[in-house]
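> I'd like to go over a predicted model; first the sequence, then the structure.
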Amino acid sequence: MNHFSYRDGVLHAEDVPVSAIAAAVGTPFYCYSTATLERHYTVFSSAFGDIPSLVCYAMKANSNQAVLATLARLGCGADVVSGGELARAPQAGIPAERIMFSGVGKTTTELDAGLAAGILCFNVRSIPELHALYPGDGPRQDGKCLLSHQSRRGCGNPCENLDRQEDKFGIPWADASAIYAEAARLPGIQVTGIDMHIGSQITDLAPFDRAFGRLEGLIRELRNQGHAIEHVDLGGGLGIPYRKDNIPPPEPGAYADVVKKHVRALDCRIIFEPGRLIAGNAGILVGSVIYVKETGHKRFVIADTAMNDLIRPTLYEAWHEIIPVKEPETGALHVRAISLVRSARPAITLPATGTWPKCRPVICSPSVSRCLWCGTGRHVQYQTAGTRSAGLRRQVPRCQAAHQRRGTDRHGSPYAAGSKRHKFRSSAFVTFS
């Protein structure tokens, strides 16, 4: 479910007409629905309300600061994969004891930052990473870790692929006992749990059932060997539908029944890392059609958004639904093949709260945004240099010194919306024609 719908022939974000936002700030812009984020988190987390559990939102799905702050108010934790995300999560109100550090390439600087912050734990993905936590001349600082067993290949029966050795994620299943024993011998390293993730876009409960059953047996084996398994990380949870004709995934309650079947008797805390499940359809990218070009063989629709605003279709041939802001009349919608061509322009980000325009942009935007941290003054002005090859000229922000002291860039973080690093997993692309 999401909170983007047509009312009186106009697309609304909650109770706000999308056309009104566009008229005030121009296009392109991102608009996120607070109600959708809140509902998705609440429905998923409440399905596990009768067992000790923690939902850590996977920030790589969408690390917008307004999205993080919304989830933080609900008690959500964070699954981070970089030092930048580790810095952003507490600034959005997520306490360190609800932050877990995943990712396969943690640098020593990032490990030190996580230890200094006192985060919940590290998901250790390899023996070299384990040794980085304990470099040999003594531990950097006492740290808790989970050893991770993963298969990111969801082909056929993902749970049957846990012995894969060609994946970069996690520790081979057959090596589990030996590596846990090695970790237990390292002073300052406390192994507190286990992490298994078989994929984040699985919409069938059977693979989860088989994988969790196998994991249950491994946990009992490790406990018999003397290892304290206090919490179990089960990964990203259910997949989501990207197209209207996709088969709907199971409800969170049905997924919870499968989880509880295997973990309730283990008497441990269960951790989840959903990302797209929470944020996938909680936002839209709104753009305008500039021209429609006919060549006789193809129709090109030229819009004011570019792949720097929504890069997934280019990288992964991902499907993102395109809908008009003005609702088509019944029977008037005619579908034909087109090529959507986009020009390189920066995008802006707006939260939809139902009370707009009292809310304000939280990420830098052309001319209209305020600084993410200081909240006052024009942060950065963008000015196109005339050609795409010439790039963009930027004025130096007045509060640059303050940002440098905080260790952030001119956007307030290394992952500002509109950059090529920004990932927007399942928005609709909305156009004005």
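Yes, it's here.
> I'd like to know how far the closest residue to Ala22 other than its chain neighbours sits from Tyr180.
Nearest residue to Ala22, sequence neighbours excluded (C-beta to C-beta, 6 or more residues apart in numbering): Val286, at 6.0 Å. C-beta coordinates here come from the backbone N, C-alpha and C atoms, glycine included. Computed as C-beta to C-beta, to the nearest Å, the Val286 to Tyr180 distance reads 50 Å.
> who has more neighbours, the two?
Val286 (30 against 20; other C-beta atoms under 10 Å).
> now that the more buried one has come up, it's in contact with Tyr32, right?
No - the pair Val286 / Tyr32 is not scored as a contact, 11.4 Å apart, by C-beta atoms under 8 Å.
> quick one: the helices in the protein?
Secondary structure of the chain (DSSP state H): helices located at 18-25, 34-46, 65-73, 83-91, 108-117, 127-133, 176-185, 205-224, 252-263, 276-279, 312-316, 400-406.
> buried ones in the shortest one?
Just to be clear, that refers to helix 276-279. By neighbour count on 16 or more other C-beta atoms under 10 Å, the buried set for helix 276-279 is 276-279.
> where does pLDDT dip in the protein?
135-169, 331-433 (pLDDT under 70).
> state which strand of it is the longest.
strand 283-294 (DSSP state E).
> adjacent strands (with direction) for that strand?
strand 29-33 (antiparallel), strand 299-303 (antiparallel), strand 428-432 (parallel) (DSSP bridges).
> what's the angle between it and helix 34-46?
130 degrees (axes from the mean of the first three to the mean of the last three C-alpha atoms, to 10 degrees).
> tell me who's in contact with Thr27.
286-288, 304-305, 432 (C-beta atoms under 8 Å, 6 or more residues apart in numbering).
> then Glu110?
By C-beta under 8 Å, 6+ apart, the neighbours of Glu110 are 82-83, 86, 101.
> how near is it to Ser102?
Separation of Glu110 from Ser102 (C-beta to C-beta) stands at 11 Å.
> bridging residues for the residue nearest to Ala22?
Under the criterion used (DSSP bridges), Val286 bridges to Phe29, Val430.
> repeat for Phe101
What pairs with Phe101, by the bridge criterion (DSSP bridges), is Val80, Phe122.
> next, count neighbours for the residue nearest to Tyr291 when sequence neighbours are not counted.
Of all residues not flanking Tyr291 in the chain, Ile302 sits nearest, at 4.5 Å (C-beta to C-beta, 6+ apart). Ile302: 14 surrounding residues under other C-beta under 10 Å.
> re the thing from before, can you add distance to Gly170 and give the contacts of Thr27 back as JSON lines?
Listed next are those as JSON lines, based on distance: C-beta to C-beta, whole Å:
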{"residue": "Val286", "distance to Gly170": "39"}
{"residue": "Gly287", "distance to Gly170": "39"}
{"residue": "Ser288", "distance to Gly170": "44"}
{"residue": "Asp304", "distance to Gly170": "42"}
{"residue": "Thr305", "distance to Gly170": "36"}
{"residue": "Phe432", "distance to Gly170": "45"}
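> which one of those has the most neighbours?
Result: Val286 is most packed of the contacts of Thr27 (other C-beta under 10 Å), 30 neighbours.
> find the nearest non-adjacent residue to Pro274, please.
With C-beta to C-beta, 6+ apart as the criterion, Pro274 has its nearest non-adjacent residue at 4.4 Å, and that residue is Gly237.
> that neighbour reaches Tyr255, doesn't it?
Yes - counting by C-beta under 8 Å, Gly237 does reach Tyr255; the two are 6.6 Å apart.
> and the two? Which one has more around it.
Neighbours were counted for Gly237 and for Tyr255 using other C-beta under 10 Å; Gly237 has more, 26 against 22.
> how close does the more buried one get to Ala113?
Relative to Ala113, Gly237 is positioned 27 Å away (C-beta to C-beta).
> cool, and Val10?
Counting by C-beta to C-beta - Val10 and Ala113 are separated by 46 Å.
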